[in-house]
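J.: Below are the sequence and a predicted model for it; my questions follow.
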Amino acid sequence: MPIPPVTGLVAEFYARVAALAARRFDGDIDRGVIYGMLWGVALSRPAREGAISIHSAAFALGRPFETVRRHVAALVAAGLCQRTRHGIAIAPGHRADPVVDRSLSQLNNIFVAFMAGGVASGAFPAPARHPAGVARRPFRRDDGARLAIDLMLAIADCHRPFVPDVVDLAIVAAVMEANARGWAGAADGAGPRAADGGPAAFDGAHAVRVATVARALGIGHATARRRAAGLAGPGGPLLRLRQGMVISPAWLAMIGSAAAGEGRHATLTLLLTRVAAAGFPFDAPASAYAALPAPRLAPVPAAAPVNIPEPASG
């Protein structure tokens, strides 16, 4: 495989979270990421008002202040968050919204799948055994949702020097995930090596079409096509082949270098420490999945009465 197991897990995780954000906001991943950050603050401070200033949010996201301000204004207008004296916060009572409840469960489950994959591959070593006689803190659904949001933001931050835009990063992640699935599904279980005998590389057999990426992420085809074209430029992360898009071997080598990987390794180590502190069941990851509430359905309008004429008297 041209990518390490952790890299593949990160790509799959980010693509799934981005798709969840896009579905929630009609293809607007940017707005979904900002909304997710607000929920991350709320879940981190459940006992008090969880608010963040627009300046702090823009700095943390690496986004222009005006861009964040515009998205926040739209979220406030939609009743999804509110302005407080401490900054922007999730609107009161919003946790009871069935759509939010389902989204938090989905976030938790995406994170649990990420952890389960890492544990199964040996990439995420289990922490030291819990002391005997000391009750382990139960891992809750909201813990998983909060950690999913933290991981999403950390991935965006670590990759900002290479792919600054969160939508572009989602496209790169989706292409990488599709390439990896194509590789795993190859008939011989392996892919080709570079012409010079170097490391294995993705080729046309593992490529994915832009239309498939757009559908997977829930964004417009024209948007995906335009952004993918920019990402396939000189030195970019994507290569355009006749069969579709693949991740550039040169770009993979660059982000896999020791200097580039040092920060990502430190971030992952810190995350695993926090996951263990939250009581994640490393010995049985599947037990942390949350049951998904049924999706809220739009009410069915009552049928208009049908007037049947009386039979003509004869």
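T.: Perfect, I can see it now. Residues are numbered from 1 along each chain as shown.

J.: Give me the buried stretch members for the longest helix seen in the chain, please.
T.: Scanning the chain for the helix with the most residues, using DSSP state H, yields helix 98-121. Neighbour counts over helix 98-121 (16 or more other CB atoms under 10 Å) mark 100-119 as buried. For every residue, glycine as well, the C-beta is placed using N, CA and C.

J.: likewise stretch 280-296?
T.: For stretch 280-296, using 16+ other CB under 10 Å, the buried residues are 280-282, 285, 288, 290.

J.: And those, which is closest to residue 19?
T.: residue 290 (18.1 Å; CB to CB).

J.: SS state for that closest one?
T.: Under DSSP: H, G, I helix; E, B strand; the rest coil, the three-state class of residue 290 is coil.

J.: swap in residue 89?
T.: Classification of residue 89 by three-state DSSP places it in strand.

J.: so who does it touch?
T.: Shown in contact with residue 89 (CB atoms under 8 Å, 6 or more residues apart in numbering): 38, 41-42, 49-52, 81-82.

J.: Over to residue 7?
T.: Applying CB under 8 Å, 6+ apart, the residues near residue 7 are 176, 256.

J.: could you check the angle helix 98-121 makes with the strand or helix carrying it?
T.: Here residue 7, judged by DSSP states H and E, is contained in helix 5-24. Here helix 5-24 runs at an angle of 170 degrees relative to helix 98-121 (axes from the mean of the first three to the mean of the last three CA atoms, to 10 degrees).

J.: Tell me the helix or strand right after helix 5-24.
T.: helix 29-44.

J.: just to revisit the earlier point, ok, the buried residues of stretch 280-296 vs residue 23, which is closest?
T.: The closest of the buried residues of stretch 280-296 to residue 23 turns out to be residue 290 (CB to CB; 17.9 Å).

J.: where along the stretch 101-250 of the chain do the helices fall?
T.: Using DSSP state H, counting those that start in this stretch, the helices found in the stretch 101-250 of the chain span residues 141-158, 166-184, 210-217, 221-231, 249-255.
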